[in-house]
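1. my questions concern the predicted model and sequence given below.
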Amino acid sequence: MMSLVSYLIISLILFIVGLVVMIARKNIIAILLGIELILNAAALNFVAYSRYVTNNLDGHVFSLFIIVIAAAESAIGLAIVIRFFQIKETIHVDEATQLRN
Amino acid sequence: MFVQLLFALSALLTVGCAIAVAVTKNIMHSCIFLLGSLLGIAGLYATLGADFVAVTQIMVYVGGVVILMLFAVMLTGGKDFVSRAQNLLGLAPAMGNKWTYAIGLLVGLVVLLTNVKLIMNISKAYPAKIFGNDFPSTVNQIGHLLIKEHVLAFELSSVLLLGALVGAAIIARPRKQG
């Protein structure tokens, strides 16, 4: 049951769900949730390949860097969301049509 | 046996919570389901023998990112939470309509079909190998890799985190007027 392909299938499902969340949801925070799902799918692929193919730990290190970058991206994105809410009083993505207020 | 049970439970938790993130109407519930999905991914890391990555996943995501998301949801849930266009159509807040879901599912179907082809090739190239259930600790080797081979990326990621910290504080600071 546990093989490389099963991990790849789980990762593929996570990627597709993240893509659907990013495209379908209209809330900026929900779009950030979709980005988190996609980044996690990529990190899971790195660790699965690291165990089943290359048999060293470089994939783990890549996965850790993906986690670091996802944390930084999330912090910046949420700061932008909060600033946007201070200006527009909403976080609906269709309201974001201007770069300046 | 224990590893396979953990794999089955983690896979179920990951996929189920990820699908629930896509279809739940309440954005707060979406964040909670994302938390479940990330915990499931940490369990999958544990079944792969990646103990350090699993613990980092739990600490950074469950302890940091999802809490930050929940704070952002609570800070932005104002009186005008329902957008004007959605209010006219009578839709739930923060949800797309049927067209956005249709386009999303279409794109997902295209990605699914292309990747199924790729995964079938991979299953031929790397047939299922039997690995023992011994999981040695990876912390020592990861520490050596971070300091020796990947030291440039390690230092650059610290600069990136500092930049993200300062940038987030500058962007989200309260302004005097406006």
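-> Structure received. Residues are numbered from 1 along each chain as shown, chains lettered A, B, ... in the order given.
2. so which bits of stretch B:142-161 are buried?
-> B:I142, B:L145, B:L146, B:H150, B:F154, B:S157, B:L160 (16 or more other C-beta atoms under 10 Å in any protein chain shown). In this view, the C-beta of every residue, glycine as well, is placed from N, C-alpha and C.
3. quick one: the residue nearest to the spatial centre of chain B from chain A, how far?
-> Taking C-alpha atoms, centre = their mean, the centroid of chain B lies closest to B:L38, which sits 5.7 Å from it. In this view, B:L38 and chain A are 7 Å apart by C-beta to the nearest C-beta, to the nearest Å.
4. chain neighbours aside, what residue packs nearest to that residue?
-> Once flanking residues are discounted, B:L38 sits nearest to B:Y61: 4.4 Å by C-beta to C-beta, 6 or more residues apart in numbering or on different chains.
5. surely the one you found and A:I66 touch.
-> No. Using C-beta atoms under 8 Å as the test, B:Y61 is too far from A:I66 to be in contact (11.2 Å).
6. out of those two, which sits in the busier spot?
-> Between B:Y61 and A:I66, counted using other C-beta atoms under 10 Å in any protein chain shown, B:Y61 has the larger neighbour count: 26 against 19.
7. wasn't the more buried one part of a strand?
-> No. Looking at B:Y61 with DSSP: H, G, I helix; E, B strand; the rest coil, it is helix, so not inside a strand.
8. what does the pLDDT read for it?
-> Looking at B:Y61, its pLDDT reads 89.
9. next structured bit after the helix or strand bottoming out on mean pLDDT in chain B?
-> Least confident helix or strand, chain B: helix B:84-89 with a mean of 53, by mean pLDDT, DSSP states H and E. For helix B:84-89, the following helix or strand on the C-terminal side (DSSP states H and E) is helix B:98-125.
10. what packs against the following helix or strand past that next one?
-> Once the chain leaves helix B:98-125, the next helix or strand it forms, by DSSP H and E, is helix B:139-147. With contacts taken as 3 or more C-beta pairs under 8 Å, 6 or more residues apart in numbering or on different chains; DSSP states H and E, helix B:139-147 sits against helix A:58-88, helix B:51-57.
11. tabulate these (TSV), appending distance to A:R100 and mean pLDDT.
-> Formatted as TSV, the helices and strands packed on helix B:139-147 follow (distance: least, C-beta to C-beta, whole Å; pLDDT from 0 to 100):
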stretch	distance to A:R100	mean pLDDT
helix A:58-88	9	90
helix B:51-57	38	92
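12. measure stretch B:58-75 end to end?
-> As for stretch B:58-75, its first-to-last residue distance stands at 24 Å under the measure C-alpha to C-alpha, to the nearest Å.
13. and it, what's buried?
-> For stretch B:58-75, by 16+ other C-beta under 10 Å, it's B:I58, B:V60, B:Y61, B:V62, B:V65, B:V66, B:L68, B:M69, B:L70, B:A72, B:V73.
14. and which of these is nearest B:V15?
-> Lowest distance from B:V15 to the buried residues of stretch B:58-75 (C-beta to C-beta) belongs to B:Y61, with 16.9 Å.
15. distance check, that closest one against A:I67.
-> For B:Y61, the distance to A:I67 (C-beta to C-beta, to the nearest Å) stands at 7 Å.
16. next: B:S30.
-> From B:S30 over to A:I67 (counting by C-beta to C-beta), the distance is 21 Å.
17. tell me which of the two has more neighbours.
-> B:S30 (26 against 21).
18. angle of the helix or strand harbouring that one against helix A:58-88?
-> Using DSSP H and E, the element containing B:S30 is helix B:27-47. Here helix B:27-47 points in a direction 170 degrees away from that of helix A:58-88 (axes from the mean of the first three to the mean of the last three C-alpha atoms, to 10 degrees).
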